[in-house]
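[1] okay, structure incoming, though there's no sequence with it:
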């Protein structure tokens, strides 16, 4: 599996699988799940996701299932 990263001035920065951005804190705030990086902001949103907001909740579940249960998640 090829990990998606951005190189800026000889630094390698992760791209969040969920929001498709490079977090300002870089790798310091976030985590890897099965080799896929999730930034701290998305982590916070996942933890506090309101199940009553069905659209956002279903999207979060879909993306997590893709990471957990598919052999190679699609990286944008």
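    Ah, there it is. If you're wondering where the values come from, they're calculated on a predicted model, not measured in any experiment. Numbers count the residues shown, from 1 in each chain.

[2] average pLDDT for stretch 34-41?
    Taken as a whole, stretch 34-41 has an average pLDDT of 91.

[3] what comes up buried for that stretch?
    Across stretch 34-41, burial judged by 16 or more other Cβ atoms under 10 Å covers 36-39, 41. All C-beta atoms are positioned from the backbone trio N, CA, C, and that covers glycine.

[4] of those residues, which pair is most distant in space?
    Pairwise distances across these peak at 15.5 Å for 36 and 41 (criterion: Cβ to Cβ).

[5] enumerate the positions of the longest helix along the chain that are buried.
    Of all the elements of type helix in the chain, the one with the most residues (DSSP state H) is helix 54-69. For helix 54-69, the neighbour count (16+ other Cβ under 10 Å) marks 60, 63-64 as buried.

[6] how about stretch 16-35?
    By 16+ other Cβ under 10 Å, the buried positions in stretch 16-35 come out as 16-18, 22-23, 30.

[7] hmm, back to that, okay, the buried residues of stretch 34-41 in a markdown table with secondary structure and distance to residue 47 next?
    Shown next, in a markdown table, are the buried residues of stretch 34-41 (DSSP: H, G, I helix; E, B strand; the rest coil; distance: Cβ to Cβ, whole Å):
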| residue | secondary structure | distance to residue 47 |
| --- | --- | --- |
| 36 | strand | 17 |
| 37 | strand | 16 |
| 38 | strand | 11 |
| 39 | strand | 13 |
| 41 | helix | 11 |
